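Novice: Generate coordinates for the sequence data below:
(chains A and B)
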2 protein chains.
Amino acid sequence: MQTSATPQTDPPVTLALARYLVDARYEDLPPAVIHEASRGLLNWMGCALGAARHETVQAVLDAHAPFFGPPQAQIAGRAQRADILHAALVNGIGSHVLDFDDTHYRAVHPSAPVVPAILALAEWKRHSGRELVHAYVLGVEAEIRIALSVFPEHYDRGWHITGTAGVFGAAAAAGKLLGLDETRMAWALGIAATQSAGLREMFGSMCKSLHPGKAAQNGLSAALMAQSGYTSSTRALEAKRGFGQVMSSRFDPSVITTGLGESYELLKNMYKPFACGLVQHAAIDACLQLRREYGLAPEDIEAVHATVGPLVMELTAKPEPRTGLEGKFSVYHALAAALVYGAAGETQFGTAAVLDPRVVALRRRVTAELDPAMRKLEGRVSIVLKDGRRLDRHVPEALGTLARPMSDADLEEKFRNLAGDLLPAAQATRLARACWDVARLPDAGEVARLAAGPG
Amino acid sequence: MQTSATPQTDPPVTLALARYLVDARYEDLPPAVIHEASRGLLNWMGCALGAARHETVQAVLDAHAPFFGPPQAQIAGRAQRADILHAALVNGIGSHVLDFDDTHYRAVHPSAPVVPAILALAEWKRHSGRELVHAYVLGVEAEIRIALSVFPEHYDRGWHITGTAGVFGAAAAAGKLLGLDETRMAWALGIAATQSAGLREMFGSMCKSLHPGKAAQNGLSAALMAQSGYTSSTRALEAKRGFGQVMSSRFDPSVITTGLGESYELLKNMYKPFACGLVQHAAIDACLQLRREYGLAPEDIEAVHATVGPLVMELTAKPEPRTGLEGKFSVYHALAAALVYGAAGETQFGTAAVLDPRVVALRRRVTAELDPAMRKLEGRVSIVLKDGRRLDRHVPEALGTLARPMSDADLEEKFRNLAGDLLPAAQATRLARACWDVARLPDAGEVARLAAGPG
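Specialist: You can find the predicted model right below:
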């Protein structure tokens, strides 16, 4: 099969991507990309730890523990270890279930499908930290480029792109760690393609986080199968009945290959300060600013009116959530909780907060209006006080976006809040340091082992 | 959520299907359906045994054996046992890899995704033969009805419907064995829906048989997760961003529920006498008839011309196959091999046959022409002999179709041919008997254990 340097014309894009993944060298990574990988790993780990006792993680463990193989890899925040495929599944679910994980500025939660696959594999096979970092960077690169080749049409159709593109990221990253050659890397991408799945109908149920979990597990399995000679198409992305054409009404293969090795999508990754979907963050941010500046108490507030972009109303218009998970999909809850508690972390999206009478009462006085011209990460809030005053705040870019990124210190504080309930402080400190220093670790498994939870 | 008795109007079809699956009683199964389940199980088992040493099965075992959990379930035709999820994966792949497994008269290979899931579960949990039979019948019913609700548009778009619908069949069948209640059965269907996958681009590679393998494994996992309280949408089939609307340009939910419990899709199942795609069977049948009746030898033949339906040319137009697997997707090879060997079993689709100079020489004198008016299982062949004679044969319905079904004796002979190389004759006899008598077995696991291969 021909590979071409100009994939825009009849592009054998799967093989071109495979060749890039195989040929890429760690030495060519810019320092900023390596540092971003540390930030991403730390943020991923905090999210996984924060969810270690979540009922979603418990349910998947209950269902699958009878089938665990040898204890090859750590389950984050638990005493339990599992075979690498099950560790990838559980950690993939756990790191997404709080909806607190990272988000690429256009599409996909990059780390949840990728990190669990390669962290487990690296622990089992004793790969170095720089091998882990390199695999992570390349997996995210493949995942996001494939996502963008079909975005937004593919997402609009109803696909949860973190699952559908995530499986490619996990396969690419695991394939890099395994040292696959070009053909086998293309097979790994093909085995991933034919497992690409995840429906947006699942939002609001535990199945949303199943998507990155299965993406991690299936992508890892794809790379292992390709290594063992399990054949696939080498044209899985671009063929007439391949991923791009079957799963989207538009597919631009040039997005996958143009500028590979010159730009890095990981640098466009964002971290959430608030424990819910990013689309609500600007409005939450506006509420928190007004609360802080005016010392607002819930009983001062007559009404809250938010003006938000289309995705907010599409994704988070649940008026009366009854569980913490549903609360993450209710902009009404998010704004009420932020105003009641002055925060929007995991606690504010717990079931107790969702049922808190003060939050419920204020939630019913929150309205939201769609402004189609508003950008995804923009928001405006008007608060009418009982004394008649009206407070307005426009947030063009929420905290955590590329324009206002969380600092390293912000990220470490977020990590500590999430890890705090679970790990002794000294262990959390060592784990945070291992994440910051990951590229210098001789054995990347140290990161995974430091995430072991209490028995 | 409302469930309605008239699912044609605003149908909550996922819950309606779940309720049927939960309420259905073995006592209501017609005897013909129970007998068909025996036939299907025997045919499935033969296919799995015939592929037990296939390189595809070896590759998936090589990749996954390091992650096997406890030895809960038998891998057909091997000495090895595995946890039930891996047994389902490997047996699902193995039973489809020869392309010799059953085919519903309209769409999907029904047994390969369903039987591996429930045979493993039944062995582990010591379910009775009648429980296995009932779960099998219901799983196939769900799988085929869901397939038909989107067929043919879904398939035409590029989805391998045996994978995409098969995962529902495995989930429904396993959910029945597990005794799920209505909500959990709906969750199981939802967890299955959000893993529905499999691209037709994979045809001709090992990934084609990965589809029923993963469907079996993921469907089984879906039912186990639902049992453990892992939540999903209860509207996964019909919702705006659910299976039917995301994965097909047409979705008719009434097909899923109309006449449930009154008709049984398993009765419309077909078994293949020839080891390749069903669409080629009529033309193969015609060649075998002419060879037999006129005592043809390859050297007598000047040219072979087949007139076939559209799907033959779409699926099997590979002019120069180089492996056995590619040979199954070449109508040219299939007809040449049938004329050279007087048979079209596994041997005739082995790599040795594909490379046999006599077959290669004759293959190059085979032409095929599309007749858009021809039905899927119809075929016509003209053979021009070197002495100038021309022999014509029209086969309106190939052997193995509903109009000309294989007899019980035919099926047992097929089973013996497939099992013959692997199992001692006495074991094969006992295994065949266990399949025929499955509904009377106190422990269905006997079927699985009798399929253990040599060490």
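
Novice: and the helix or strand of chain A with the lowest mean pLDDT with chain B, contact?
Specialist: Across the helices and strands of chain A, mean pLDDT, DSSP states H and E gives its lowest value to helix A:310-315, namely a mean of 81. No. Helix A:310-315 is not in contact with chain B by C-beta under 8 Å from any C-beta of the partner chain; minimum separation 10.3 Å. No exception for glycine: its C-beta is placed from N, CA and C like everyone else's.

Novice: Toward the C-terminus, what is the element adjacent to that helix?
Specialist: Later in the chain than helix A:310-315, the nearest helix or strand by DSSP states H and E is helix A:324-327.

Novice: Residues touching that following helix, excluding its own?
Specialist: Contacts with helix A:324-327, where a contact means C-beta atoms under 8 Å, 6 or more residues apart in numbering or on different chains, come from A:204-206, A:276, A:318, A:321, A:333-334, A:337, A:349-351, A:353-354.

Novice: what's the next secondary structure element after it?
Specialist: helix A:331-341.

Novice: before we move on, back to that, among the contacts of helix A:324-327, find the lowest-pLDDT one for me.
Specialist: On pLDDT alone, A:K318 ranks lowest of the contacts of helix A:324-327, at 84.

Novice: Bridge partners for the closest residue to that one other than its chain neighbours, pull those for me.
Specialist: The shortest distance from A:K318 to any non-neighbouring residue, by C-beta to C-beta, 6 or more residues apart in numbering or on different chains, is to A:S330 (4.1 Å). Beta-bridge partners for A:S330, by DSSP bridges, are A:A317.

Novice: in what helix or strand does A:Q427 lie?
Specialist: A:Q427 belongs to helix A:425-436, assigned by DSSP H and E.

Novice: Mind listing what's buried along whichever helix or strand comes after that helix?
Specialist: Sequence-wise, the next helix or strand downstream of helix A:425-436 (DSSP H and E) is helix A:445-450. For helix A:445-450, the neighbour count (16 or more other C-beta atoms under 10 Å in any protein chain shown) marks A:445-448, A:450 as buried.

Novice: I'd like to know which of those is nearest to B:P152.
Specialist: A:A448 (47.0 Å; C-beta to C-beta).

Novice: give the contact list for that closest one.
Specialist: A:73-74, A:76, A:119-120, A:122-123.

Novice: what kind of secondary structure is A:R393 in?
Specialist: strand (DSSP: H, G, I helix; E, B strand; the rest coil).

Novice: What subset of the contacts of helix A:324-327 is buried?
Specialist: The buried subset of those (16+ other C-beta under 10 Å) comprises A:204-206, A:276, A:318, A:321, A:333-334, A:337, A:349-350, A:353-354.

Novice: Can you give me the pLDDT of the residue nearest to A:K318?
Specialist: For A:S330, the model assigns a pLDDT of 93.

Novice: That one against A:T323, yeah?
Specialist: No. When contacts are counted by C-beta atoms under 8 Å, A:S330 is not listed as touching A:T323 (10.4 Å).

Novice: okay, now the residue nearest to A:K318: neighbour count?
Specialist: 26 (other C-beta atoms under 10 Å in any protein chain shown).

Novice: ok so, going back, so, if you compare the buried residues of helix A:445-450, which one comes nearest to B:V13?
Specialist: Out of the buried residues of helix A:445-450, the member with the shortest distance to B:V13 (by C-beta to C-beta) is A:A448, at 43.1 Å.

Novice: From A:V438, how far out is the closest one?
Specialist: 11 Å (C-beta to C-beta, to the nearest Å).

Novice: what's the closest non-adjacent residue to the residue lying farthest from the centre of chain A?
Specialist: Distance from the C-alpha centroid of chain A peaks at A:D387, with 42.2 Å (C-alpha atoms, centre = their mean). In space, and not counting its chain neighbours, A:D387 is closest to A:D300: 7.4 Å by C-beta to C-beta, 6+ apart.

Novice: and the one you found, what does it touch?
Specialist: Contacts of A:D300 by C-beta under 8 Å, 6+ apart are A:385-387.

Novice: ok, and the closest non-adjacent residue to A:L199?
Specialist: B:T194 (4.8 Å).

Novice: Please give me every residue in contact with the one you found.
Specialist: Contacts of B:T194 by C-beta under 8 Å, 6+ apart are A:160, A:163, A:197-199, A:201-202, A:207, A:210-211, B:232, B:236.

Novice: So which of those residues is surrounded by the most neighbours?
Specialist: Neighbour max across these (other C-beta under 10 Å) = A:G163, 33 neighbours.

Novice: Quick check: that residue is in a helix.
Specialist: Yes. Secondary structure assignment places A:G163 in a helix (three-state DSSP).
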